[in-house]
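K.L.:
after the sequence you'll find the predicted model.
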Amino acid sequence: MSELNNNNNNADEEKTSTDPFIKILNDGNKIPMIGFGTYKLGGNTLSVRDAVKYAIEIGYRHIDTAIFYGNEKEVGEGIKDAKIDRKELFITTKLLWYDDHHETGKGQTERAVDASLKRLGCGYIDLYLIHSPRGKHNIRTYQALLKCKEQGKIRSVGCSNFGVHHLKALEAAKLPLPAVNQIELHPWLQQTEIVRYCRAKNIAIQSYSPLVKGKKIPNESKPLNQQSAEHKKLIGMKKHYDQKSVAQILLRWNLQSGHIVIVKSSTRSRIEENLDILNWTLNDHDFAVLNAFECGYHCTWDPTSDAIAEHDGDQW
């Protein structure tokens, strides 16, 4: 693989391994920079099981799921079908934010982890995230995940959808900082405050919805003179990169910004296309144009802005 170009692009100051597409987390564990996502995967094309199997066969080594997605079992079956050494894979899942998974002292979190392990059938989980700060008892829950890490059930503990104030609450509780914070991130929502804080604290940023759920991608069947000025810019960029797609350009922006990026598709051609963002770079001009798209646009929920509140006298 050619090296990841970090010129002009605010790349992380975090340690990297000798492989430029592997990041070393703050706990010393290594994570592939591209992950295969499984949210709402499946349908009329490949099933979850077959899509995961195919993704692994063509080179993905990072698989992302969650209890909320309801597909941990199918993800595990796809991994098993791929017949790959477990040590070569990095598997992420996430804890539900409901009361029966967040810890109140009754072992809810450890039971949820054990259930994930059973459904995935993978022996251990590389990264377990608190899916959202929207759940109660986040401090206790995080402590319970750290206990599972000590027991060898989890390799790294992280969070998803945490804002700076949530991360500071973990720090104020004198807990080890998360290895990862997975947030919505794309040129229209660059989450500058969260990214800046995480970089300062050596928390790896992981991007979900990097293609904005398709809401900002131009319909190229329309004539160019009917496209918006923004869409014209995106379409025009393609000629600089051997006709890479707009989707690939957006994914490359995330990767080139130093973010771990979660991509997904249940179509073989797009699974392949989404992986083809490694061995080329955006030029300075196009990178700056994409940076200028920032407008605070959320294409999905936003728990990062949720207030912190105590619950029944317990810490947040």
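P.N.:
Sure, I can see it. Numbering: from 1, shown residues only.

K.L.:
the closest residue to Leu46 other than its chain neighbours: what's it in contact with?
P.N.:
Using C-beta to C-beta, 6 or more residues apart in numbering and skipping the chain neighbours, the partner closest in space to Leu46 is Ser266 (4.5 Å). Placement of C-beta: from N, CA and C, glycine included. Ser266 makes contact with Leu41, Gly42, Gly43, Thr45, Leu46, Ser47, Val48, Ala51, according to C-beta atoms under 8 Å, 6 or more residues apart in numbering.

K.L.:
adding distance to Lys73, write the residues you listed out as JSON lines.
P.N.:
Output for the contacts of Ser266, formatted as JSON lines (distance: C-beta to C-beta, whole Å):
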{"residue": "Leu41", "distance to Lys73": "13"}
{"residue": "Gly42", "distance to Lys73": "13"}
{"residue": "Gly43", "distance to Lys73": "17"}
{"residue": "Thr45", "distance to Lys73": "20"}
{"residue": "Leu46", "distance to Lys73": "16"}
{"residue": "Ser47", "distance to Lys73": "12"}
{"residue": "Val48", "distance to Lys73": "9"}
{"residue": "Ala51", "distance to Lys73": "14"}
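
K.L.:
tell me the spacing between the residue nearest to Leu46 and Lys174.
P.N.:
43 Å (C-beta to C-beta, to the nearest Å).

K.L.:
try Lys80
P.N.:
On the measure of C-beta to C-beta, Lys80 and Lys174 end up 40 Å apart.

K.L.:
those two: which is more packed in?
P.N.:
Taking other C-beta atoms under 10 Å, Lys80 and Lys174 do not tie; Lys80 has more neighbours (16 against 6).

K.L.:
is that one in a helix, a strand, or coil?
P.N.:
helix (DSSP: H, G, I helix; E, B strand; the rest coil).

K.L.:
helix/strand/coil for Leu234?
P.N.:
helix.

K.L.:
tell me who's in contact with the nearest residue to it once chain neighbours are set aside.
P.N.:
Leaving aside its sequence neighbours, Leu234 sits nearest to Val246 (C-beta to C-beta, 6+ apart; 4.9 Å). By C-beta under 8 Å, 6+ apart, the contact set of Val246 is Ile217, Pro218, Glu220, Leu234, Ile235, Met237, Lys238.

K.L.:
and the second one, its phi and psi?
P.N.:
Note on Pro218: its backbone torsions stand at phi -70, psi 150 [degrees, to the nearest 10].

K.L.:
what about it, distance to Lys233?
P.N.:
For Pro218 relative to Lys233 (C-beta to C-beta), the value is 10 Å.

K.L.:
where does the protein dip in pLDDT?
P.N.:
By pLDDT under 70, the weakly predicted segments of the chain are 1-18, 43-44, 99, 310-315.

K.L.:
residue farthest from the centroid of it?
P.N.:
Farthest-out residue of the chain from its mean C-alpha position, per C-alpha atoms, centre = their mean: Asn225, at 35.5 Å.

K.L.:
sec struct for that residue, please.
P.N.:
Asn225 is classified as helix under three-state DSSP.

K.L.:
cool, and Ile262?
P.N.:
Remark: Ile262 carries the secondary structure label strand [criterion: three-state DSSP].

K.L.:
hmm, it is touching Ile183, no?
P.N.:
No - look at Ile262 against Ile183 with C-beta atoms under 8 Å: they stay out of range, at 10.6 Å.

K.L.:
next, show the common contact partners of those two.
P.N.:
Joint contacts of Ile262 and Ile183 (C-beta under 8 Å, 6+ apart) are Gln206, Ser207, Tyr208.

K.L.:
before we move on, what SS does the second one have?
P.N.:
Think Ser207. Following three-state DSSP, Ser207 is assigned to strand.

K.L.:
I'd like to know how far it sits from Ile91.
P.N.:
From Ser207 over to Ile91 (counting by C-beta to C-beta), the distance is 18 Å.

K.L.:
likewise Val164?
P.N.:
Separation of Val164 from Ile91 (C-beta to C-beta): 28 Å.
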